[in-house]
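In: Using only what follows, build the 3D model:
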Amino acid sequence: MRPIENIVIAIGIVLAVLAAVTLSSFHLIWFIIFGFIVGLVARAIMPGRQHLSVLRTTLLGMIGSLLAGWFGRAVGWYGPGDGAGFIVSTIGAISVLAIYMRATRRRAVLPPIEKRGERDFPSKVA
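Out: Model prediction:
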């Protein structure tokens, strides 16, 4: 794994622990299930291939839901005890997934000049 992926996973775990501190054990189980469903929907909506495990998909949904809830409270959509709804959580997860894909995308690298062959360049038109 690349270092940025480790950082993203660490941030997700810290946010999940912060949520666990404020929630009872039963609410935490439902929050994890909700995060998994939201993460799956976000991955289905987002174009392109995402190579995410079940853990990363769940963390994606949980982080998206937490960020959407915090944003909704800051804007005034939700009260102090209200959680984010499914649609807003999905939008939050999509934005987190877009940031994650942008941070972890792989760039194509050409081989060194001395090792390039004809196959690396388009054929010449005569």
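In: Can you find the helix or strand of the protein with the lowest average pLDDT?
Out: helix 3-22 (a mean of 70; mean pLDDT, DSSP states H and E).
In: any idea how far residue 84 lies from residue 52?
Out: Taking CB to CB, to the nearest Å as the measure, residue 84 falls 21 Å from residue 52. The way it works is simple: take the backbone N, C-alpha and C, and place the C-beta from them, glycine included.
In: Now do the same contact list for the residue nearest in space to the middle of the chain.
Out: In the chain, the C-alpha closest to the average C-alpha coordinate belongs to residue 97, at a distance of 3.1 Å (CA atoms, centre = their mean). Contact analysis of residue 97 by CB atoms under 8 Å, 6 or more residues apart in numbering lists 42-43, 46, 50, 60, 64.
In: Tell me which two in those are the farthest apart.
Out: Pairwise distances across those peak at 13.5 Å for 50 and 64 (criterion: CB to CB).
In: Of residue 84 and residue 52, give the one with the bigger neighbour count.
Out: Neighbour count, other CB atoms under 10 Å: between residue 84 and residue 52, residue 84 has more, with 24 against 17.
In: Test my guess that the more buried one contacts residue 63.
Out: No - using CB atoms under 8 Å, residue 84 makes no contact with residue 63, being 11.6 Å away.
In: Please consider this matter closed, and thank you.
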